[in-house]
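Q: Fold the stuff below for me.
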Amino acid sequence: MLSARTLTLLSSIAAFLNTAPGPRGGAEQPERLTAGAQLADLVPALQEGDARLRVAAAAVVRAKDLRERLTSAWALAATNEAAATEGVNELLATVGPLRLVAGEEAVDFAPADTPSDAVERLTALAALAMAEAAVDGELSRLRVCAGEDCENALVDASRNRSKRFCDAANCANRTHVRSYRARLAEETAETPAPEAGGKAEPVKEDAPVEEPVKAEEGKAEEGKAEDAAKAEKKAAKEAEKKARKKAEKKAAKEAEKAAKKGKKDKKAKKDTEKSDD
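A: Residues are numbered from 1 along each chain as shown. Coordinates of the predicted model:
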């Protein structure tokens, strides 16, 4: 299972990928990445650490190029792991040397020199997060919405790897309802019509009435689809909320630890100055 931090980071990267124009949640969306300054809002992890984040004038152009490369690797993740891994390797090659960083819960890889450029830092974060997913055998959790009119990237955080639709516009329910209506239309088309000039066979009072039953079954099926979609959406939100809280808690601990270290270093410096006097 992906770590809470990596899950949160990959979800942010999915949000970044979904800014591209195209079918999103049942509607055609225009380009939504219009300024480099949007990157920090889409991927909050870019602002972590002590290194200041710099957004160059041409950041939006380079960010769109990165988005295209990430989208290609993401689309292959669930169907062609080898090809997706190759795409991740290409991204890692641009990151450069890595180093190990000991955190509160685990040891992670990080760039040897944290880049200040927003797009370079985003490249590193995305490459390392996807590399972790590949090493843990979790690349298949990176998916594209199965809705006919939606190309949103999503991260499957479910225990049984069952998430197939994004939450942008209730894509699961819309797909289930569309499938039901298609089956109903097919059944209606296959029902033989009465012969020309023939008399319709009278319906006996005790004969079962098919159409109302089908209508009720249809309503029940739509209801089940809606309930399943709501449950899936709720579970995803709870998982995301839990992961975000855990990441915030970890960040608070790291900040507190850094503050204590700073005070300790300051005191040691004063003591040294006094001894020199």
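
Q: Tell me how many other residues surround Thr188.
A: For Thr188, the number of neighbouring residues by other C-beta atoms under 10 Å comes to 10. Heads up, the C-betas are built off the backbone N, CA and C, glycines and all.

Q: Which strand or helix spans Lys249?
A: Lys249 is part of helix 210-276, with elements assigned from DSSP states H and E.

Q: I misspoke; the intended subject was Pro23.
A: Of the helices and strands defined by DSSP H and E, Pro23 is found in strand 22-24.

Q: buried residues in the host helix or strand of Arg5?
A: Assigned by DSSP H and E, Arg5 belongs to helix 4-17. Of the residues in helix 4-17, those scored as buried under the neighbour-count criterion (16 or more other C-beta atoms under 10 Å) are 4-14, 16-17.

Q: nearest to Arg181, of the residues you listed?
A: Proximity of the buried residues of helix 4-17 to Arg181, judged by C-beta to C-beta, is greatest for Ala14, which lies at 29.7 Å.

Q: so what's the closest residue to the closest one other than its chain neighbours up against?
A: Leaving out its chain neighbours, the residue that sits closest to Ala14 by C-beta to C-beta, 6 or more residues apart in numbering is Ala153, at 4.1 Å. Contacts for Ala153 were tallied using C-beta atoms under 8 Å, 6 or more residues apart in numbering; they are Ile13, Ala14, Leu17, Asn18, Thr71, Trp74, Leu142, Arg143, Val144, Cys145, Cys166.

Q: Show the buried residues in these.
A: Members of those classed as buried by 16+ other C-beta under 10 Å are Ile13, Ala14, Leu17, Asn18, Thr71, Trp74, Leu142, Arg143, Val144, Cys145, Cys166.

Q: before we move on, the earlier item: tell me the mean pLDDT over the strand holding Pro23?
A: Averaging pLDDT along strand 22-24 yields 94.

Q: name the helices or strands packed onto it?
A: Using 3 or more C-beta pairs under 8 Å, 6 or more residues apart in numbering; DSSP states H and E, the elements in contact with strand 22-24 are strand 27-29.

Q: For the closest residue to Arg164 other than its chain neighbours, which residues are in contact?
A: For Arg164, the nearest residue in space outside its immediate sequence neighbours is Ala146; the separation is 4.2 Å by C-beta to C-beta, 6+ apart. With contacts defined as C-beta under 8 Å, 6+ apart, Ala146 is in contact with Arg164, Phe165, Cys171, Thr175.

Q: Confirm Ala146 sits in a helix?
A: No. Counting by DSSP: H, G, I helix; E, B strand; the rest coil, Ala146 falls outside a helix, being coil.

Q: gap between it and Arg161?
A: Counting by C-beta to C-beta, to the nearest Å, the gap from Ala146 to Arg161 is 13 Å.

Q: which residues touch stretch 49-65?
A: For stretch 49-65, the external contacting residues (C-beta under 8 Å, 6+ apart) are 20, 33-40, 46-47, 114-119, 121-122.

Q: try 6 Å this time
A: By C-beta atoms under 6 Å, 6 or more residues apart in numbering, the list of residues contacting stretch 49-65 from outside reads Ala35, Gly36, Ala37, Leu46, Gln47, Thr114, Ser116, Asp117, Ala118, Val119.
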